[in-house]
Each structure stands twice: as C-alpha cells, then as structure tokens.
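Enquirer: What would the 3D arrangement of this be:
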Amino acid sequence: MSYEIKDATHQSISEVQSWYTSEKPAVPPSLWYVGKQEPANSLRAGERLHDHDAELKAVNALANAIVKAWPAANTNDAATWKGIASGFTGQVRLGCSQGPCHSCRWVIRQISSDMPNVTFYVTYAAKDVNRPVTQKEGTEVSLYGEYGYKMAKIGELKTVWGVTVQNGTENGYIVPAEGYPKDPPGGEPVANFDESSIG
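Expert: As a prediction, this is how the structure comes out:
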C-alpha cells in the first residue's frame, strides 16, 4: 500500500510503500473497519474468516495513521470520525496478490465512503482472473462470493487488473504502463489475453 492524504489546511500523511500479509505484521484494529461475517447461504455462516486479510490490515493501518496525525479523529463518535475523514483529499494505492474477497471489497467501499474525495486504486495480479469461490466441502461451497471485481480492467502491460473506488463506487481502471508502482510483486503478462475472461 502507498498513500498521500491531506486535509484542507494541507497537513498531510504519506506512505511510499508498506506490505501486509495475513500473517504479518500485526496491525491493531481501528474502531471503524472490520471484515464481514460469512452470510447465511454459506456453510460457514456467521464465521469471521477474513479478519486477518492483508487488505483489511492495510485499511486499518491507514485509519490508525490518520488517528495518530489528527488526534481529534481518535473518537468513538461515528459522526465526528466521518466529519474529519470527509475533509481529506488524496489517493491510496492497494496492490494485491489476488482479487479481494467479498469482505475486503466491503471494507474498501466503507473507508472510501467515509473519504469521498480520496481515490482508492486497487490492483491485483492478472493471472488471478476474477473468479467464484472454489473451495468446497462435499458438493457445497464453503466460502462465499467471488474474489476480484467484475468491472476490473486489465492494465496496459497485461500484468494487473485495476479498479478505482471513490465514495463507495467501484469502476474499472486501466493501469498505465508507466508511472505506477510495480505492485503486486510477481505480476506477469498473460499470454493471449482474452477480454471475455473478465467476470
């Protein structure tokens, strides 16, 4: 993840590059952003299977950095938090090794809704084609939903899928060949890329 966020007075915070995995580093949870439970139509209904996902950690690391830089944001009052967050401008880049799950997509929409003037750029490796969940127990799907975004667009170099999320709205994004951080690592061009493989 990398970001640059500033308020109306031009006070800002930035991160050039930080890496998160489900194992490390440990990131304290913020007050506002938690993963979703598995829904009722899943065999694992009600379980919290995504609370350690890298995308959730990145969102919480950003929220914690905001609280550190703007102490007034350290509040239990949702209206105060949203009032402060809505005044930020900037951009956040999340490079993922695979398409985000339903829980992580929801968390990214949440924080982008709270920061409507901040653009979130989400990318993930092109070899991870948007896909339904395939882990099964017997003949039933044990995890819910899909990984990735159906509206994602393939980047110019065919190495990553791209999506922007702003004010809770997701749109396909063509990642340019130049001027974009080379994340996620290990992105390789997909030979004979077929546009019909989207979604």
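Enquirer: ranges for the helices of the chain?
Expert: With helices called from DSSP state H, the chain shows them at 54-69, 78-85, 102-114.
Enquirer: Check which residues of the last one are buried.
Expert: Meaning helix 102-114. Across helix 102-114, burial judged by 16 or more other CB atoms under 10 Å covers 102-114. For the C-beta atoms, the positions are set from N, CA and C on the backbone; glycine is no exception.
Enquirer: L49: which of the residues you listed is nearest?
Expert: Here the nearest of the buried residues of helix 102-114 to L49, counting by CB to CB, is S103; it sits at 7.6 Å.
Enquirer: my guess is that closest one meets L56, correct?
Expert: Yes - contact criterion CB atoms under 8 Å: S103 and L56 qualify, at 7.2 Å.
Enquirer: So for stretch 157-171, what gets flagged as buried?
Expert: For stretch 157-171, the neighbour count (16+ other CB under 10 Å) marks L157, K158, T159, V160, W161, G162, V163, T164, V165, Q166, E170 as buried.
Enquirer: coming back round to it: shared neighbours, S103 and L56?
Expert: G35, H50 (CB atoms under 8 Å, 6 or more residues apart in numbering).
Enquirer: rewinding a little: looking at the helices of the chain, spot the one closest to N41.
Expert: Minimum separation from N41 across the helices of the chain (CB to CB) falls at helix 102-114, 11.8 Å.
Enquirer: who's in contact with the closest one?
Expert: Helix 102-114 is touched from outside by 32-36, 49-50, 53, 55-56, 59, 62-63, 81-82, 85-86, 94, 100, 118, 120, 122, 144-146, 149, 165-170, with contacts defined as CB under 8 Å, 6+ apart.
Enquirer: Just send the helices of the chain back as TSV, with distance to K6 too.
Expert: Below are those laid out as TSV (distance: least, CB to CB, whole Å):
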stretch	distance to K6
helix 54-69	10
helix 78-85	13
helix 102-114	16
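Enquirer: Ok, which of those helices comes nearest S2?
Expert: Closest approach to S2 among the helices of the chain (CB to CB): helix 54-69, 10.0 Å.
Enquirer: now the angle from that closest one to helix 78-85?
Expert: Helix 54-69 and helix 78-85 are oriented at 80 degrees to each other (axes from the mean of the first three to the mean of the last three CA atoms, to 10 degrees).
Enquirer: For helix 54-69, the averaged confidence score.
Expert: Mean pLDDT, helix 54-69: 93.
Enquirer: And it, what's buried?
Expert: For helix 54-69, a neighbour-count test (16+ other CB under 10 Å) marks 54-67 as buried.
Enquirer: do the same with stretch 24-33
Expert: The neighbour-count check on stretch 24-33 (16+ other CB under 10 Å) flags V27, S30, L31, W32, Y33 as buried.
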